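>>> Have a look at this fold, sequence not included:
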């Protein structure tokens, strides 16, 4: 596609429910990143995929968070048993070599 | 991991003024990039600048890799320049892009 696409744009969920966030990278981009941004804060690294290599999961904050990517296509970030502290904007980026391009983000609100 | 500090944290300018934003790294970095996050939250890639100087319109950036810093210059600022500016980089074989703390810029009329 023309740009990185994330869905949904907004998600409101009840505490304790599971959520899935989706990221469609730019076609041909081998690298894909997930970041979390709390209100008024910077970008917190979550996970990085590069081609078929093992992902860098060092930023996942707890075992409630997981992400998958098949090949160089779509990625899903799953948060199980959501907590209010999970409320944030979840940003996805992709890159072909170095320069990263971001999607518009998914705003997650846990009530 | 590397630490990335940006200064100043906040900046208010009148339209037409110039400004310099700074990014300091705790260790050598590769793939230094500057981003602008507009008031609607969208992150736009401004520069990929591992070393040297680049210019794009009213914006330019300089990275001195040996001294572990990068500068972003904004000339003749406009209200549309408002938002948060982030720098980011990675080190060696590390994969993740580490982001700085950001500089929040407000340009007023």
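Received, thanks. Here the structure is a predicted model, which is why all the values come from computation and not from measurement.
>>> Count the neighbours of residue 47 for me.
By default, I'm working from chain A. 22 (other Cβ atoms under 10 Å in any protein chain shown). C-beta: built from backbone N, CA, C; applies to glycine.
>>> actually chain B
22.
>>> Let me know the secondary structure of it.
Secondary structure, DSSP: H, G, I helix; E, B strand; the rest coil: residue B:47 is strand.
>>> mind listing what it touches?
B:33-34, B:54, B:56, B:59, B:61, B:72 (Cβ atoms under 8 Å, 6 or more residues apart in numbering or on different chains).
>>> redo that, cut-off 7 Å
The contact partners of residue B:47, by Cβ atoms under 7 Å, 6 or more residues apart in numbering or on different chains, come to B:33-34, B:54, B:61.
>>> got it, and residue B:2?
The contact partners of residue B:2, by Cβ under 7 Å, 6+ apart, come to B:25-27, B:29, B:91, B:98.
>>> Point to the residue nearest the middle of chain A.
When Cα atoms, centre = their mean is applied to chain A, the residue found nearest the centroid is residue A:34 (3.7 Å).
>>> tell me what the strand or helix carrying that one is packed against?
Using DSSP states H and E, residue A:34 sits within strand A:31-37. With contacts taken as 3 or more Cβ pairs under 7 Å, 6 or more residues apart in numbering or on different chains; DSSP states H and E, strand A:31-37 sits against strand A:44-50, strand A:88-95.
>>> from those, which stretch is densest packed?
Compared across the helices and strands packed on strand A:31-37, strand A:88-95 shows the largest average neighbour count, a mean of 23 (mean count of other Cβ atoms under 10 Å in any protein chain shown).
>>> Check whether that strand comes near chain B.
Yes: applying Cβ under 7 Å from any Cβ of the partner chain, one finds strand A:88-95 in contact with chain B at A:89, A:91.
>>> now the angle between strand A:44-50 and that strand, please.
Interaxial angle of strand A:88-95 relative to strand A:44-50 (axes from the mean of the first three to the mean of the last three Cα atoms, to 10 degrees): 30 degrees.
>>> Report all helices and strands that strand A:88-95 contacts.
Against strand A:88-95 (3+ Cβ pairs under 7 Å, 6+ apart) you get strand A:31-37, strand A:101-102, strand A:106-110.
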